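>>> would you be able to build a 3D model of this:
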Amino acid sequence: MSAREAVAPHLAEPHAVTAAVIESMPEAIDQLADRISATVDSGGTLFFCGNGDSAADAQHLAAEYVVRFTSDRRPIAALALTTDQSVLTASGNDFGFTSAFDRQVHTLGRKGDLLVMHSTSGDSENLLRAASATREIGVETAALLARDGRRLLGVVDFALVVPTESTARAQEMHLLIGHIVCDIVEEALSG
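Below is the predicted model:
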């Protein structure tokens, strides 16, 4: 097998997922950007969370808002709920991993904030509990999902479901969508 034959299928699959997103999701991506812009404009905070690689994506995107993405602009209030090791380990020890995010949402979240969840499975108990916690305090929810969105799809205010069964392709697309949204939000702030 040549190098081209070995590599080409790995490049073709993300291209096919990207083409499906281009075909079916531009309006939804723009709507997420509108929701984030509205949160920022009203003085709300963006919270991000996920598990494993999705936690890394959540942290990455929170940093883009706080620091900058492509242009110099004022910092945007954003926080990844995945970064405080003391809170995560204390919560895991005292209440179990399913409470990794809901207690943070309860104590940090305020009406007018937005919680953005990243999940390729759509079935993570800690994300489901975080979404439930938002209802009690008036925080809106958005989710970047895959497959059919599973249980998380039914409990969030807004969802983008990437049309793939592949965890790797979903994660790649979630990050790309996150960058597109951040770029749109930055343009809106400078406009």
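>>> tell me what the lengthiest helix in the chain is packed against?
Taking DSSP state H as the criterion, the chain has its longest helix at helix 167-190. Identification of packing neighbours for helix 167-190 by 3 or more C-beta pairs under 8 Å, 6 or more residues apart in numbering; DSSP states H and E yields helix 3-24, helix 26-41, helix 53-66, strand 140-146, strand 158-162. In this view, the C-beta of every residue, glycine as well, is placed from N, C-alpha and C.
>>> what about Met1, neighbour count?
6 (other C-beta atoms under 10 Å).
>>> tell me if Thr70 really is in a strand.
No. Counting by DSSP: H, G, I helix; E, B strand; the rest coil, Thr70 is not found in a strand; it is coil.
>>> pLDDT score for it?
For Thr70, the model assigns a pLDDT of 92.
>>> contact partners of the longest helix of the chain?
The contact list for helix 167-190 (C-beta atoms under 8 Å, 6 or more residues apart in numbering) reads 13-14, 17-18, 21, 25, 29-30, 32-33, 36-37, 40, 53-54, 57, 60-61, 64-65, 68-71, 73-74, 76, 118, 120, 144-147, 160, 162, 164.
>>> type out the ChimeraX command that picks the buried ones from the residues you listed.
Per 16 or more other C-beta atoms under 10 Å, the buried members of the contacts of helix 167-190 correspond to this ChimeraX selection:
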select :14,17,21,25,29,32,33,36,37,40,53,54,57,61,64,65,69,76,118,120,144,145,146,147,160,162,164
